[in-house]
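Trainee: Fold the following and give me the result.
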Amino acid sequence: MNSRKVIVGVSGGIDSFYTCLLLKEWGLAVKAVMLKFSSQDEERGRLLHEKLNKLNIELIVKDAESVFQEKVVKYFVESYKKGFTPNPCIVCNSKVKFPLLFEEADKEEALFVATGHYANICRKNGSFFIARGGDKDQSYFLCGLDQDMLKRLVFPLDNYKKKWIGEQVLDFGFHDFIESKDLCFVYKNYRTFIEQFFPSKEGEISDTKGNVVGYHHGISHYTIGQRKGVKVGNVPRYVIKIDVKKNRIIVGEEKELYNSVFIVKDCNLFVKKGFFRGREVLCQVRFKTSPKKAMIDIKDNECVVRLREKERAVTSGQFAVFYFDDTLLGGGWIYRIVK
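Mentor: Alright, predicted model coming up:
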């Protein structure tokens with residue numbers, strides 16, 4: 001392996017482009033790899049090729065459409081069928097994006113892989129960990145990676161601010177970037193996208209006592225905590241639960257959204273299970289929520305999470321990610337809420 005060579009995963013956005021520029025300035029031999037998930041990515045690739053060519057950086061466009069459809073799109077649709085609210089970015093990172101980037105790195109004999117994520121790699125007691133990024137922390141989305149990846153990963157943007165990077169790129173004369181978005185494969189409304197795979201089926205909306213109070217147009221149109229689109233009388237009502245077997249949406253008052261105990265499955269951990277025994281850690285149940293103190297009881301690859309204080313709208317299908325201070329310990333997907 002060549003320790004001067006680095007593969008940079010690029011999307012067409014400013015962050016990954018600046019990562020290439022930065023590593024090039026550091027004197028590394030940079031080769032960029034863009035994963036093509038559909039024909040919609042062709043324009044993105046063309047614009048990116050023009051920019052990277054000015055930096056004398058080769059762009060490899062790797063066809064990942066079939067594996068993306070199998071690992072991410074199928075997971076996305078099946079989750080909604082089961083009444084879960086998926087997080088495709090985490091699944092894509094762990095099962096598609098990073099595995100393919102490392103595959104290309106091995107092929108090119110490049111020791112390192114870099115991306116434009118705002119996170120940091122640190123080493124503690126001989127093991128590698130991901131730590132929270134500074135300006136725009138994205139460590140939450142990296143909870144599914146493994147130790148072999150961490151020791152070869154580089155996140156150069158950790159100490160940079162997003163706004164400053166944007167200004168620098170413009171000063172270099174580069175513009176017309178296509179920024180990536182959360183649902184990169186959904187080009188319109190996600191509900192319309194899901195309709196292609198399974199048509200909506202109307203059903204009942206009931207309150208928490210079982211009384212039918214209205215009707216819905218399909219369970220895939222709803223997620224836990226949702227208020228918009230829940231038309232039940234003249235008082236605010238929120239989605240409390242999705243009953244797939246009965247094709248029913250259960251609604252209630254906002255105070256009924258708060259829970260503190262839930263089950264997490266398929267845990268991917270960067271520490272041994274014994275680390276959690278009797279130790280309070282931090283648990284984050286969505287990307288944009290603040291972490292809360294929690295106790296984690298692990299058995300096999302499943303765990304019971306007990307938050308010190310209740311969290312609003314803990315949602316089955318989303319990921320619970322664990323931290324000790326700012327260090328990522330791992331995470332898994334929320335399977336069931338314990339009332």
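
Trainee: who's in contact with stretch 256-264?
Mentor: The contact list for stretch 256-264 (CB atoms under 8 Å, 6 or more residues apart in numbering) reads 208, 224-225, 238, 240, 302-314, 320, 331-339. Quick note: C-beta positions are derived from backbone N, CA and C, even for glycine.

Trainee: Narrow these to just the buried residues.
Mentor: Buried subset of the contacts of stretch 256-264 (neighbour count, 16 or more other CB atoms under 10 Å): 224-225, 238, 240, 303, 305-307, 311-314, 320, 331-335, 337.

Trainee: Just the ones of those in strands?
Mentor: Among the buried ones among the contacts of stretch 256-264, DSSP state E puts 238, 240, 303, 305-307, 311-312, 320, 331-335, 337 in strands.

Trainee: What is the nearest of these to residue 193?
Mentor: residue 333 (20.7 Å; CB to CB).

Trainee: tell me the contacts of the closest one?
Mentor: Going by CB under 8 Å, 6+ apart, residue 333 touches 84, 87, 264, 265, 266, 317, 318, 319, 320.

Trainee: What's the per-residue pLDDT of it here?
Mentor: On the pLDDT scale, residue 333 is placed at 97.

Trainee: Residue 184 reaches residue 37, doesn't it?
Mentor: Yes: between residue 184 and residue 37 there is a contact at 6.8 Å, judged by CB atoms under 8 Å.

Trainee: Between the two, point out the one with more neighbours.
Mentor: residue 37 (22 against 18; other CB atoms under 10 Å).

Trainee: So for the helix or strand of the chain with the lowest mean pLDDT, what gets flagged as buried?
Mentor: Across the helices and strands of the chain, mean pLDDT, DSSP states H and E gives its lowest value to helix 190-195, namely a mean of 82. Buried residues in helix 190-195, counting neighbours by 16+ other CB under 10 Å, are found at 190, 193, 194.

Trainee: Out of the residues you listed, the closest to residue 280 would be?
Mentor: Using CB to CB, residue 190 is the member of those that sits closest to residue 280, with 36.2 Å.

Trainee: Please give me every residue in contact with the closest one.
Mentor: Residue 190 makes contact with residue 183, according to CB under 8 Å, 6+ apart.

Trainee: Count the neighbours of residue 10 for me.
Mentor: The tally of other residues near residue 10 (other CB under 10 Å) stands at 28.

Trainee: isn't it right next to residue 17, touching?
Mentor: Yes: with contact defined as CB under 8 Å, residue 10 counts as touching residue 17 (6.6 Å).

Trainee: Residues that sit against both of these two, list them.
Mentor: Common contacts of residue 10 and residue 17 (CB under 8 Å, 6+ apart): 48, 52, 116.

Trainee: Are any of those residues buried, and if so which?
Mentor: Buried subset of these (neighbour count, 16+ other CB under 10 Å): 48, 52, 116.

Trainee: Take the residues you listed and lay them out in CSV including distance to residue 204.
Mentor: Formatted as CSV, these follow (distance: CB to CB, whole Å):
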residue, distance to residue 204
48, 48
52, 54
116, 46
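
Trainee: Helices - which of those residues land there?
Mentor: Among these, the residues falling in helices (DSSP state H) are 48, 52.

Trainee: which among the buried ones among the shared contacts of residue 10 and residue 17 gets closest to residue 142?
Mentor: The nearest member of these to residue 142, counting by CB to CB, is residue 116 at 12.4 Å.

Trainee: and that closest one, what does it touch?
Mentor: By CB under 8 Å, 6+ apart, the contact list for residue 116 reads 9, 10, 11, 13, 15, 16, 17, 18, 19, 157.

Trainee: again with residue 319
Mentor: Going by CB under 8 Å, 6+ apart, the list of residues near residue 319 reads 87, 90, 140, 143, 285, 331, 332, 333, 334.
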